[in-house]
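Q: okay, sequence plus prediction incoming.
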Amino acid sequence: MANEGLRADFEQALPDFKDADNVGSPYCIRRYRVDEHLATGSPALARAKMAARGLRLILDFVPNHVAPDHPWLPSIHAILFAR
């Protein structure tokens, strides 16, 4: 929400845009999970409900889209820069 350019894009696309409408950044992921705004229950339950409707899921997982405060980073940093 601090990126003014993205905020302007949101407001242009959705004139009634509010901060609460933004559930997160696709480029700065802190925890890999389905956001509760989008679905509830277990991933297996979501897949079963989709299958019952004849739908399939394509997942675009990009592991380098990790938030700068992600819990993995200290351990990755320690491995990469160990002396």
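A: Received, thanks. Note that the coordinates shown come from a computational prediction; the quantities given were computed from them, not determined experimentally.
Q: after the helix or strand harbouring A44 comes which helix or strand?
A: Per DSSP states H and E: A44 is located in helix 43-52. Heading C-terminal from helix 43-52, the first helix or strand you meet, by DSSP H and E, is helix 72-80.
Q: may I have that next one as CSV, with CA atoms only?
A: Only the C-alpha atoms of helix 72-80 are listed here, as CSV (Å, rounded to 0.1, in the frame of the first residue of the first chain):
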residue,chain,number,x,y,z
TRP,A,72,13.0,-18.1,5.7
LEU,A,73,15.4,-15.2,5.0
PRO,A,74,17.7,-15.4,8.1
SER,A,75,18.4,-19.1,7.5
ILE,A,76,18.9,-18.6,3.8
HIS,A,77,21.2,-15.7,4.4
ALA,A,78,23.2,-17.8,6.9
ILE,A,79,23.6,-20.6,4.4
LEU,A,80,24.5,-18.3,1.5
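Q: show me the contacts for M50.
A: R56, L57 (Cβ atoms under 8 Å, 6 or more residues apart in numbering). Using the backbone N, CA and C atoms, a C-beta is placed for each residue, glycine as well.
Q: i'd like the first residue to be 42 from this point on
A: Renumbered: residue one is now 42, and that last one reads M91.
Q: and the pLDDT at it?
A: If you check M91, the pLDDT there is 86.
Q: do the same with P67
A: 66.
Q: next one: G95
A: 94.
Q: that one - how many residues pack around it?
A: 6 (other Cβ atoms under 10 Å).
Q: any weak-confidence spans in the chain?
A: When residues are selected by pLDDT under 70, those of the chain lie in 67, 70-76, 78-80, 102-104, 124.
Q: switch the cut-off to 80
A: 64-84, 100-114, 117-118, 123-124 (pLDDT under 80).
Q: pull stretch 53-70 out as PDB, backbone CA atoms only.
A: Below are the C-alpha coordinates for stretch 53-70, written out as PDB (Å, rounded to 0.1, in the frame of the first residue of the first chain):
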ATOM      1  CA  GLN A  53      -7.900   3.900 -11.600                       C
ATOM      2  CA  ALA A  54      -9.200   0.400 -12.100                       C
ATOM      3  CA  LEU A  55     -11.600   0.600  -9.100                       C
ATOM      4  CA  PRO A  56     -12.700   4.100  -8.400                       C
ATOM      5  CA  ASP A  57     -14.200   3.100  -5.000                       C
ATOM      6  CA  PHE A  58     -11.000   1.300  -4.000                       C
ATOM      7  CA  LYS A  59     -10.300   1.100  -0.200                       C
ATOM      8  CA  ASP A  60      -7.200  -0.200   1.600                       C
ATOM      9  CA  ALA A  61      -9.200  -3.200   2.800                       C
ATOM     10  CA  ASP A  62      -9.700  -4.300  -0.800                       C
ATOM     11  CA  ASN A  63      -6.000  -5.200  -1.100                       C
ATOM     12  CA  VAL A  64      -5.400  -8.600   0.400                       C
ATOM     13  CA  GLY A  65      -1.700  -8.500  -0.300                       C
ATOM     14  CA  SER A  66       1.100  -8.300  -2.900                       C
ATOM     15  CA  PRO A  67       1.700 -11.100  -5.300                       C
ATOM     16  CA  TYR A  68       5.400 -10.100  -5.300                       C
ATOM     17  CA  CYS A  69       6.000  -9.900  -1.600                       C
ATOM     18  CA  ILE A  70       4.700 -13.100   0.000                       C
END
